[in-house]
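Engineer: Coordinates only, no sequence provided:
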């Protein structure tokens, strides 16, 4: 099949979260399985753009309401990511360094989707599937179905994958003229609660809708930021497919970001060496269990309660555990976490920002990974942790519930808790310290989790099965 992925992110071109990791891996493994998968995304001004070679594939001219614009499609020359990568440039809209966070994000992503649709409409041979990711691409199924200028596309199957339903791309009906001329009788395909809602439109118009875990699909029917009734109504075309991870990048035997490589048979010596390097780097006590947090410092990740929970643990356990935090997000949370650096110099360190190299080193050197998320559609961090023999400590939600079994259950290998509260997190940390001291159980858990396969090969076939139902 020829599969076109449309996304705002793709690692390593531009990434803000798990969406980028997924779009950077799924097409590669689809190509390995014999498909012709391609990725189309905006041409942000990133290091990847300037460090690679490109060829102009197409130049087009179209409009977004009264705004007429030229767009350029460039293609990466060498297929270095394992799939064809196309970037769309629109002067004044997509030529920015950051992915999100601009006042005109609505215009930026609507224009991007119009350009993608206009470009595909010029193709002599249309693709087998157009696979749209999150709200930044969710208006494409509507345009394929209802835009008058793109009638030949209405038989091209579309699939929408929802990585996070909290973000929906709302804009008012007073801006409906941004979209290409469409059948006015179909206004209901755009509307949700008297607002144009791109994510809701994608759910209504796409041929199939997937989410990134089965538990998250179930949760959306009662917690989806206002779309609960829509998910219940459209449940017949919705399916949860658990994300995979790229085992070529995330492999402790070959990871170029870590110094001491290891496998299951050498996990104890390998992780101990990586832990010692990590603790020395940040002046942490390497004799006690090391708990890490890697991620965005936002409410969805329950980062707002991290300072209180870590404070409680450090005061209660008194020198029996250490913490290393890396992330960026809410300024108030960042400030709280940074202020704690001076209070617990041997047992705590927070680094504000994101560092790909350091994150790999933390997975390799840590004993435990803390993920107290309020919302976690799939979660990739816990899968990376499993791959590196780092015990995940997770709240039972979304993909975390689908991938981590509590150590108190049969063949359990993780630590699970029910609520994003200081009390539940503290109890999970106490349990972590206890199992760390039980070396027989601790070592069994680490070796057992490294045998679990969450590679993309398993997931690709599930997507293929969905695609084949669209014909």
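Structural biologist: Everything's here; your move. Fair warning: this is a prediction, and the values are worked out from it, not measured in the lab. Residues are numbered from 1 along each chain as shown.

Engineer: list the contacts for residue 282?
Structural biologist: For residue 282, the contact set (Cβ atoms under 8 Å, 6 or more residues apart in numbering) comprises 324, 349, 351. Where C-beta positions appear, they are placed from N, C-alpha and C, glycine not excepted.

Engineer: If any of those residues are buried, give me the PyMOL selection for them.
Structural biologist: Restricted to buried positions by 16 or more other Cβ atoms under 10 Å, the PyMOL selection for these reads:
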select buried, resi 324+349+351
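
Engineer: low pLDDT regions in the protein?
Structural biologist: For the chain, applying pLDDT under 70 flags no range at all.

Engineer: Show me it divided up by domain.
Structural biologist: The chain breaks down by automatic domain parsing into domains covering 2-244+456-468, 264-450.

Engineer: export the ones you listed to TSV and tack on distance to residue 253?
Structural biologist: Below are those laid out as TSV (distance: least, Cβ to Cβ, whole Å):
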stretch	distance to residue 253
domain 2-244+456-468	18
domain 264-450	9
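
Engineer: For residue 257, which of those domains is the nearest?
Structural biologist: domain 264-450 (3.6 Å; Cβ to Cβ).

Engineer: Run the chain-centre distance for the closest one.
Structural biologist: 19 Å (Cα atoms, centre = their mean, to the nearest Å).

Engineer: likewise stretch 68-83?
Structural biologist: 22 Å.

Engineer: what's next to it, contact-wise?
Structural biologist: If you take Cβ under 8 Å, 6+ apart as the criterion, stretch 68-83 is touched by 12, 24, 27-28, 30-32, 37-40, 43, 52-63, 84-93, 111, 115, 118-119.

Engineer: Of the contacts of residue 282, which belong to strands?
Structural biologist: If you go by DSSP state E, the contacts of residue 282 have 324, 349, 351 in strands.

Engineer: With respect to residue 178, which of the contacts of residue 282 is nearest?
Structural biologist: Closest approach to residue 178 among those (Cβ to Cβ): residue 351, at 40.7 Å.

Engineer: residue boundaries of the helices in the stretch 1-150 of the chain?
Structural biologist: Under the criterion DSSP state H, counting those that start in this stretch, the stretch 1-150 of the chain contains helices at 18-32, 47-50, 105-121, 140-146.

Engineer: Of those helices, which stretch is the most buried?
Structural biologist: Among those, the stretch with the highest mean neighbour count (mean count of other Cβ atoms under 10 Å) is helix 140-146, at a mean of 26.

Engineer: strand partners of the helix or strand following that helix, parallel vs antiparallel please.
Structural biologist: Going down the chain from helix 140-146, the next helix or strand is strand 158-162, by DSSP states H and E. Here strand 158-162 has these sheet partners by DSSP bridges: strand 129-133 (parallel), strand 208-211 (parallel).

Engineer: buried set for the longest one?
Structural biologist: By neighbour count on 16+ other Cβ under 10 Å, the buried set for strand 129-133 is 129-133.

Engineer: cool, stretch 390-410 as well?
Structural biologist: 390-395, 397-407.

Engineer: on that earlier part again, which one of the ones in strands among the contacts of residue 282 is nearest to residue 279?
Structural biologist: So of the ones in strands among the contacts of residue 282, ranked by how close each gets to residue 279 (Cβ to Cβ), first place is residue 324, at 8.4 Å.

Engineer: secondary structure class for the closest residue to the closest one other than its chain neighbours?
Structural biologist: Spatially, and ignoring its direct neighbours in sequence, residue 324 is nearest to residue 292 (4.8 Å; Cβ to Cβ, 6 or more residues apart in numbering). Classification of residue 292 using DSSP: H, G, I helix; E, B strand; the rest coil returns strand.

Engineer: With distance to residue 222 added, can I get the ones in strands among the contacts of residue 282 in TSV?
Structural biologist: Listed next are the ones in strands among the contacts of residue 282 as TSV, based on distance: Cβ to Cβ, whole Å:
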residue	distance to residue 222
324	35
349	38
351	36
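
Engineer: And the residues you listed, which is closest to residue 365?
Structural biologist: residue 324 (8.7 Å).

Engineer: In contact with residue 324, which residues?
Structural biologist: Per Cβ under 8 Å, 6+ apart, neighbours of residue 324: 278, 282, 284, 290-293, 348-351, 362, 366.

Engineer: Would you write a ChimeraX line that selects the buried entries of these?
Structural biologist: Buried members of the contacts of residue 324 can be picked out in ChimeraX with the line below, counting by 16+ other Cβ under 10 Å:
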select :278,282,284,290,291,292,293,348,349,350,351,362,366
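
Engineer: what's the closest of the contacts of residue 324 to residue 247?
Structural biologist: Taking the contacts of residue 324 together and measuring to residue 247 by Cβ to Cβ, the closest member is residue 362, at 18.6 Å.

Engineer: For that closest one, which non-adjacent residue is closest in space?
Structural biologist: That would be residue 292: by Cβ to Cβ, 6+ apart, it lies 4.8 Å from residue 362.

Engineer: coming back round to it: for the buried residues of strand 129-133, which two are the farthest from each other?
Structural biologist: Maximum pairwise distance in these, criterion Cβ to Cβ, is 12.8 Å, between 129 and 133.

Engineer: How much space separates the closest residue to residue 17 other than its chain neighbours from residue 425?
Structural biologist: In space, and not counting its chain neighbours, residue 17 is closest to residue 296: 6.8 Å by Cβ to Cβ, 6+ apart. For residue 296, the distance to residue 425 equals 17 Å [Cβ to Cβ, to the nearest Å].

Engineer: still on that earlier bit, could you list which of the buried residues of stretch 390-410 belong to helices?
Structural biologist: Among the buried residues of stretch 390-410, the ones falling in helices (DSSP state H) are 398-403.

Engineer: Make CSV from the residues you listed and add distance to residue 462 to it.
Structural biologist: CSV is the format used below for these (distance: Cβ to Cβ, whole Å):
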residue, distance to residue 462
398, 17
399, 14
400, 19
401, 18
402, 13
403, 15
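
Engineer: What is the nearest of the residues you listed to residue 272?
Structural biologist: Among those, and counting by Cβ to Cβ, the member closest to residue 272 is residue 403, at 25.6 Å.

Engineer: Name the SS class of the nearest residue to the closest one once chain neighbours are set aside, please.
Structural biologist: Distances taken as Cβ to Cβ, 6+ apart place residue 382 nearest to residue 403, at 5.8 Å, with adjacent residues excluded. Recorded secondary structure, residue 382: helix (three-state DSSP).
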